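Asks: The amino acid sequence is not available; the structure is as follows:
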């Protein structure tokens, strides 16, 4: 017989999957049209926040090996979404930046997602939104703690 906690976890998995699958079907179609993998898309969003990130930083953020990152970035460079630049202070260091096309792609995806989610959130009351914020904050904190532990174990 499953425990109350196990029943709750199953409910969370089910609801989370439903929410993700329905959150923005248009975004999934846009990814397909762009020919981007989820990791390539994540790379673009990381670079939007961390402009000029080195390969090491990107690999760490994406939790991939340096050789995997090279293949990811090579494809994004070929698609004209990312640029590589040699660091002026250290010629051995390569910086990665979104190209103008990469920036507009990320902005367009973000704009579409926000428009859809604004319509969805308009259906929630203020107390429901507050509960959602608290729950998502708890989830993000738990995910970050798990990531930190995994990185610590990997470095040990």
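Replies: Perfect, thanks for sending it. Predicted model, so just to flag it, every value in this text is computed and none were measured.
Asks: So which residue is dead centre in the chain?
Replies: residue 42 (4.2 Å; C-alpha atoms, centre = their mean).
Asks: Tell me who's in contact with residue 58.
Replies: By C-beta atoms under 8 Å, 6 or more residues apart in numbering, the contact list for residue 58 reads 43, 46-47, 50, 69, 73, 96. Every residue, glycine included, has its C-beta placed from N, CA and C.
Asks: Separate out the buried members of those residues.
Replies: 43, 46-47, 69, 73, 96 (16 or more other C-beta atoms under 10 Å).
Asks: just curious, which of the residues you listed is nearest to residue 120?
Replies: The shortest gap between residue 120 and any of the buried ones among the contacts of residue 58 belongs to residue 46, at 25.4 Å (C-beta to C-beta).
Asks: pLDDT score assigned to the closest residue to that closest one other than its chain neighbours?
Replies: Spatial nearest neighbour of residue 46, chain neighbours left out: residue 61 (4.9 Å); criterion: C-beta to C-beta, 6 or more residues apart in numbering. With respect to pLDDT, residue 61 scores 88.
Asks: The closest residue to residue 105 other than its chain neighbours: neighbouring residues, count only.
Replies: Excluding the flanking residues, the one nearest residue 105 by C-beta to C-beta, 6+ apart is residue 81, at 6.1 Å. Residues within reach of residue 81, counting by other C-beta atoms under 10 Å, total 25.
Asks: Over to residue 136?
Replies: 10.
Asks: Can you tell me the SS state at it?
Replies: Assigned with DSSP: H, G, I helix; E, B strand; the rest coil, residue 136 falls in the helix class.
Asks: can you pull the pLDDT of it?
Replies: On the pLDDT scale, residue 136 gets 93.
Asks: Over to residue 4?
Replies: Residue 4 carries a pLDDT score of 92 in this model.
Asks: any idea how far it lies from residue 11?
Replies: Per C-beta to C-beta, to the nearest Å, residue 4 is found 11 Å from residue 11.
Asks: Next: residue 47.
Replies: The gap separating residue 47 from residue 11 is 36 Å, by C-beta to C-beta.
Asks: where along this protein do the helices fall?
Replies: With DSSP state H applied, the chain shows helices at 4-23, 25-34, 38-49, 55-62, 66-78, 100-121, 126-155, listed in chain order.
Asks: Go through those helices and find the least confident stretch.
Replies: When these are compared by mean pLDDT, helix 25-34 comes last with a mean of 67.
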